[in-house]
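J.: Got a predicted structure plus its sequence, pasted below:
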Amino acid sequence: MSAVAHDHDHGHDHEHVHHHKDTFITKYIFSIDHKMIAKQYLLTGIIMGVIGVGMSMLFRMQLAWPEESFKIFNILLGDKWAPNGVMANDIYLSLVTIHGTIMVFFVLTAGLSGTFSNLLIPLQIGARDMASGFMNMISYWLFFLSSVLMLCSLFVESGPANAGWTIYPPLSALPQAISGSGAGMTLWLVSMAVFIASSLMGSLNYVVTVINLRTKGMSMTRLPLTIWAFFVTAIIGIVSFPVLLSAALLLIFDRSFGTSFFLSDIYIAGEVLHYQGGSPVLFEHLFWFLGHPEVYIVILPALGITSEIIATNSRKPIFGYRAMIMSIIAIAFLSTIVWGHHMFISGMNPFLGSVFTFTTLLIAIPSAVKAFNYITTLWKGNLQMNPAMLFSIGLVSTFITGGLTGIILGDSTLDINVHDTYFVVAHFHLVMGISALYGMFAGIYHWFPKMFGRMLNKNLGYVHFWVTAICAYGVFFPMHFIGLAGLPRRYYTNTNFPLFDDLQNVNVLITTFALIGGAFQLVFLYNFFTSIFYGKKAVQNPWKSNTLEWTTPVEHIHGNWPGEIPEVHRWPYDYSNPGHDEDFVPQTVPMKEGEVILHH
Amino acid sequence: MTSLLVIIVLVLLAVAIWQLTKIFDLTQVASTSDNSQVANDDDNNVQGYLMFGFLAFIYIFTIYGVYTWGPLVLHTPASEHGALIDNLMNITWVLIFTVQAITQVLLHYFAFKYRGNKDKRALYFADNNKLEAIWSAIPAVVLAGLILYGLYAWTNIMFIDEDEDTVVIELYAQQFKWTARYAGADNVLGKANVRLIEGVNTLGVDLSDPYAQDDKVVTELHIPKGKKIHFKMRSQDVLHSAYFPYFRAQMNCVPGMVTEFAFTPIYTTAEYQAMPYIIEKVANINAIRAKKSAELVAKGEPALDPYTFEYLLLCNKICGASHYNMQMKVVVDTPEDYKKWLSEKATLVSEVKASKAEPAAEGATPGKDSTQSKDTAAVAKIAMK
């Protein structure tokens, strides 16, 4: 990747000496250097993202113009799934399912958290590498393997999994029920099992590294909020991913070995199946025990990144540092006891619904604190409008807009009528889809110089942000209305019966915004890939940031710092500290004689 | 329309790429490191104004949306508890819009107002316990109110009083159709299990159960106005969800267990069809269909039937390839009409007897046949397209 960058740099690259030789394979492929692993995660995440977003373009076209045929369907999906350019209903559901799976797990979990946890944890806490570089490498390659398996599932004869990304049995367990529940679902489950193993190895590494490898002076209350977010995210992952693994394994048992964990009393395709005594509701509990924390696994790193970027670019301390930490912890704790709000009408005891309504609405409190603190950080700042800053402000905007409708969905009474409608789709895409994507983009624009030693083009960044921002609202804002009109999600076409015919022009508008927004992501891709090789060379600390990663040389070296690991003397948010001339005071600057700590 | 859109996208894309290459060329000139890609004061200025513009966009888009698409959303619930839900919904909406309006203004206005400038310096303002206490307490108090109201409503809606005088109806889900079973004069459903499915007994009712003797199985749901209907739901294959949008009612149907939901319809189908907002909706849909019909006729295909409003029961849990087509007509009758309609239906026991008397005429399991015919219909539809 950065091979070209190396060639260019040779002139002034001889100050530091490599103690051990890297071959191409140990440097670029089976690397144990956290910075290279971060780049591997990012690149894989971007590739998966292109596929995931591309799929959404296809099914949005189907939803807007269900009666038309498109040559592009036939080209991309083939004669079997799109004869004469008409998308088949099976493949529509597959696209929806795989889009969800890829975006949630492969892009926003591995691509976002994997990239930035790996890149930033050692750099920002002052460590030479992760606690276990080898395990870190294994973690990436398992992720790579699971991505390959997921992509392979697209090409099996009976089609990819299409029971929805939540793969509720019995639909996901019975090949008789839907075409994708054959080999496609088997590959989906195996891929996810491998993914979970990868995620657990990564998370364990992050937790151990943060606890043990902080440099001198880096107390827990001097950690940047990014690290707090990654740390807590890793803990949620360790607590909840194993439960999904057990659900996946039990489902594999039901599918392949005839057990009845989730199945009972089934009559399908003219025969009674032998399953007896299992319950699909049990699967829902196990799934959402991960599934809900998962949305926080996705959004917390994005919020951590945003905290860092907003503070740096506002040239102000993040407002309420300790409150931010408390709210991260509160969100993490609550996130593990709210899963039942996905199941208000699943047939579980309504009393449980009451409990889950209560815990769910409580999450709004720490979330509100975070939103208010971001806004207060902007107040009387000196805002440097870099693309990363725009995406961070955009994140706060969509996080509020999307989060507020959570008050409706988290309330069991109101959920009755909007459950599984497009209202839900609008809600979660804004609050965790778009917001987390913005967080990822913000992180890429901000730390690109750290990753590749070059700068992304800012003007392309501005174009990218503004078109994306308008299209994101253009897609998901109208979606609330069609959801409130009662339109169920996951319908292959909404015009099969006339009840929803009046919503069709809204769907056309949504798709138009989606296509434009999707197309403009090419601007980002272009910027990203050309800047790796031809971007402006970066200075050591382009954003005038306080955190430790900007004290490392631009050129990547093993062990991060050529000499001693720097010692930390202050918290990371001393921006515009009145006792100093510069508007930033890196963490490595010792306290002046008689300097008073101005924050709690 | 489509080609137009494609052209627009392509043109925009071409412009974007052209611009990129231009900018790209410019960046190629110098190759030493500098801060040219870090926002300068001009950028701060332009982006600050754009932030303000974006605030205007959010506001205008919201107002436009509420005005244009607001009339499309469900209103006037057709069930008794619906008013409770809609009331809570409206309160929540007022709250959401208020918070949304204030926070988005603050966020984007601050982004505009405090856009960066070389000569400025930010205020060092790291924390303030009073402020944080305020904005933890306000959401807590407001949410406590919402939670209490929500739980009150939830308890009212979901807990069904067994002693109440209700009409018990079973909703039976299978890929991709709904069936209803009426409990008959005793108002108790006979036992059932999928292992007993045979011939016309497609619901697997235990015909030896005394309670099953007066059960009636129908494919169109009729319910009486003003009477509480106690639905007991079953599924024979995968998860389905019985969604009655106009009655603000929904419950999953789960194989292996019976789920329940109860509501009281308060408008007959005819009364609801006469609602001004439904008349408007129907006129709107018919205008769209008339346009489509004209296109179809021009192509030599038959025109579409005009639409009249009917309550529908939809499947709202992905259940297979034809999930999008799993619905059942729901008719709310006056109690008299309902009684008359139901009395004309034969009991399941008598239907089973009749089918056994003339096995040749009935042929193989009708349950299976009907599923298959739905599937072939879906396939035929794709082929037609």
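T.: Everything's here; your move.

J.: which residues of the stretch 51-200 of chain B fall in helices?
T.: B:82-113, B:129-158 (DSSP state H, counting those that start in this stretch).

J.: doesn't B:W135 make contact with A:F372?
T.: Yes - proximity of A:F372 to B:W135 meets the contact threshold set by CB atoms under 8 Å, at 4.6 Å. Heads up, the C-betas are built off the backbone N, CA and C, glycines and all.

J.: Settle it for me: which of these two has more neighbours?
T.: Each of A:F372 and B:W135 has its neighbours counted (other CB atoms under 10 Å in any protein chain shown); A:F372 has more, 23 against 19.

J.: and the more buried one, what element?
T.: helix A:364-378 (DSSP states H and E).

J.: mean confidence for that helix?
T.: Helix A:364-378 shows a mean pLDDT of 94.

J.: And stretch A:146-162, by the same measure?
T.: 95.

J.: First-to-last residue distance for it?
T.: The first and final residues of stretch A:146-162 sit 18 Å from each other (CA to CA, to the nearest Å).

J.: need the residues of the stretch 151-300 of chain B near chain A, please.
T.: Within the stretch 151-300 of chain B, the positions near chain A by CB under 8 Å from any CB of the partner chain are B:151, B:153-155, B:157-159, B:174-175, B:193-195, B:197, B:204, B:236-239, B:241, B:243, B:245-246, B:248-252, B:254-257, B:259, B:281, B:284-285, B:288-289.

J.: So which of those are in strands?
T.: When strands are assigned by DSSP state E, the members of these inside them are B:174, B:241, B:243, B:249-252, B:259.

J.: quick one, strands of the chain?
T.: Using chain A. A:267-268, A:271-272.

J.: Wait, chain B was what I had in mind.
T.: Taking DSSP E, the strands of chain B run over residues B:166-174, B:177-182, B:216-218, B:221-224, B:228-235, B:240-244, B:249-253, B:259-263, B:311-315, B:327-333.

J.: State the pair within the ones in strands among the residues of the stretch 151-300 of chain B next to chain A that is farthest apart.
T.: Of all pairs drawn from those, the greatest distance, 20.1 Å, lies between B:Q174 and B:A249 (CB to CB).

J.: related to what we said a few turns ago, most surrounded residue in the ones in strands among the residues of the stretch 151-300 of chain B next to chain A?
T.: Comparing those by number of neighbours (other CB under 10 Å), B:N252 comes first, having 29 neighbours.

J.: Looking at the strands of chain B, spot the one closest to A:S69.
T.: With CB to CB as the criterion, A:S69 lies closest to strand B:327-333 of the strands of chain B, at 25.5 Å.

J.: which parts of the closest one are buried?
T.: By neighbour count on 16 or more other CB atoms under 10 Å in any protein chain shown, the buried set for strand B:327-333 is B:327-328, B:330-333.

J.: ok, now stretch A:316-324?
T.: If you call a residue buried by 16+ other CB under 10 Å, then stretch A:316-324 has these buried ones: A:316-321, A:323-324.

J.: coming back round to it: so is the helix holding A:F372 next to chain B?
T.: Yes - Helix A:364-378 lies within reach of chain B by CB under 8 Å from any CB, at A:364-365, A:368-369, A:371-376, A:378.

J.: And stretch A:588-596, by the same measure?
T.: No - judged by CB under 8 Å from any CB, stretch A:588-596 makes no contact with chain B; its nearest approach is 11.7 Å.

J.: Quick check: closest non-adjacent residue to the closest residue to chain B within the stretch 201-350 of chain A.
T.: Residue of the stretch 201-350 of chain A nearest chain B, by CB to the nearest CB: A:S264 (3.0 Å). Nearest non-adjacent residue to A:S264, counting by CB to CB, 6 or more residues apart in numbering or on different chains: B:G256, 3.0 Å away.

J.: Over to B:L196?
T.: B:G204 (4.0 Å).

J.: residues contacting A:I91?
T.: Listed by CB atoms under 8 Å, 6 or more residues apart in numbering or on different chains, the contact set of A:I91 reads A:77, A:81-82, A:159, A:162.

J.: redo that, cut-off 7 Å
T.: A:77, A:81-82, A:159 (CB atoms under 7 Å, 6 or more residues apart in numbering or on different chains).

J.: Tell me the residue of the stretch 251-385 of chain B that sits nearest chain A?
T.: B:G256 (3.0 Å).

J.: between the helices of the stretch 51-200 of chain B, which gets nearest to A:A442?
T.: helix B:82-113 (14.1 Å).

J.: which other helices and strands contact that closest one?
T.: Counting contacts by 3 or more CB pairs under 7 Å, 6 or more residues apart in numbering or on different chains; DSSP states H and E, helix B:82-113 packs against helix A:364-378, helix A:387-409, helix A:412-418, helix B:41-69, helix B:129-158.
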